[in-house]
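*Asks:* fold the stuff below for me.
(one chain, ligands or ions: 2)
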Amino acid sequence: MPQRSSDLVETYAARALGAGALGLVFAVLAGVMWSYRGDSGGALAIVLGVIALGLLAYAAFSFVKSRGVSSFKLDCPMCGAANGFEEAPTSDVICRQCHRTIPIQDGRILPLRQISCNACGESNWYSDRTKSLLCEACGREILIAGPSGAAQYAVHDDARPYELVLVAFEQGSDDLVEALQERLGTNRAQIRTLLTNLPSVLLTNVPRQKAEILRDELSHLGAALEARPVGG
Ligand SMILES: [Zn+2]
Ligand SMILES: [Zn+2]
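*Replies:* Ligands and ions are numbered 1, 2, ... in the order given. Presented below is the predicted three-dimensional model:
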């Protein structure tokens, strides 16, 4: 995804502010040193002054850059929000307001259509590239016509965050403790705590695939686990 122009502006502005503030501190220090320089303080005051000048120059440079970030505007076809990018996006982007994916092909937004969920009636967006569509409101799958004209069901792209929960395990399974230690990067004592407070969340906010892979692995070691969407 191309860099958002607003993010770049923020980065440069933050640098300008940080360097500017530090530069001023050094300038004040240099001034104080100069006033009380005595025999040997003069050289130090000059060094501090040079550092201050360098920082202030860097601040000015960053400030100029923050003003010069060129912006490519893209209006979200779904919510209408203006999205700014450094340059024209060549791949899909996420709308900063509605967080939906805006499909980009050949530098242009793919045409979007709407379809109502037949479970809850919520209107959902999709494009020619949508392979499977989950209702934004109820999470159920919506049947859309595939490229061949045939309706297709396929829920493979589940973007929800998942958690892996240990529900039960066979007592005295040292293999399980070892596997948990290795996979979770925790020590034996932490694993014992996890095992004595069932059900316990082993992983959270991970992609569905990751949760399911670990679930299948650990279930061979006599553990019962559940991979489920966070909060669902
Ligand atoms: Zn939007
Ligand atoms: Zn629905």
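*Asks:* quick one: contacts of stretch 25-34?
*Replies:* The contact list for stretch 25-34, computed with Cβ atoms under 8 Å, 6 or more residues apart in numbering, reads 41-42, 44-46, 48-49, 51-52, 55-56. Using the backbone N, CA and C atoms, a C-beta is placed for each residue, glycine as well.
*Asks:* would you write out the PyMOL command that picks the buried residues out of these?
*Replies:* Entered in PyMOL, the line below selects the buried ones among these, by 16 or more other Cβ atoms under 10 Å:
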select buried, resi 45+48+49+51+52+55+56
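*Asks:* where does confidence bottom out across the contacts of stretch 25-34?
*Replies:* Lowest pLDDT of the contacts of stretch 25-34: residue 41, 71.
*Asks:* wait, what's in contact with it?
*Replies:* 33-34.
*Asks:* need phi/psi at it.
*Replies:* Torsion angles at residue 41 (phi, psi; degrees, to the nearest 10) stand at phi -70, psi -20.
*Asks:* show the subsequent helix or strand relative to the helix or strand of the chain with the lowest mean pLDDT.
*Replies:* The weakest-scoring helix or strand in the chain, judged by mean pLDDT, DSSP states H and E, is strand 151-152 (a mean of 48). Moving toward the C-terminus from strand 151-152, the next helix or strand (DSSP states H and E) is strand 162-169.
*Asks:* buried residues, that next one. List them.
*Replies:* 162-166, 169.
*Asks:* domain map for the chain?
*Replies:* 5-67, 70-110, 112-157, 162-229 (automatic domain parsing).
*Asks:* comparing those domains, which yields the minimum mean pLDDT?
*Replies:* Note on these: domain 112-157 shows the lowest mean pLDDT, a mean of 77.
*Asks:* is that one anywhere near ligand 2?
*Replies:* Yes - interface with ligand 2: domain 112-157 contributes 117, 119-120, 122, 135, 137-138 (Cβ under 5 Å from the ion).
*Asks:* for residue 205, phi and psi?
*Replies:* Main-chain dihedrals, residue 205, degrees, to the nearest 10: phi 60, psi 40.
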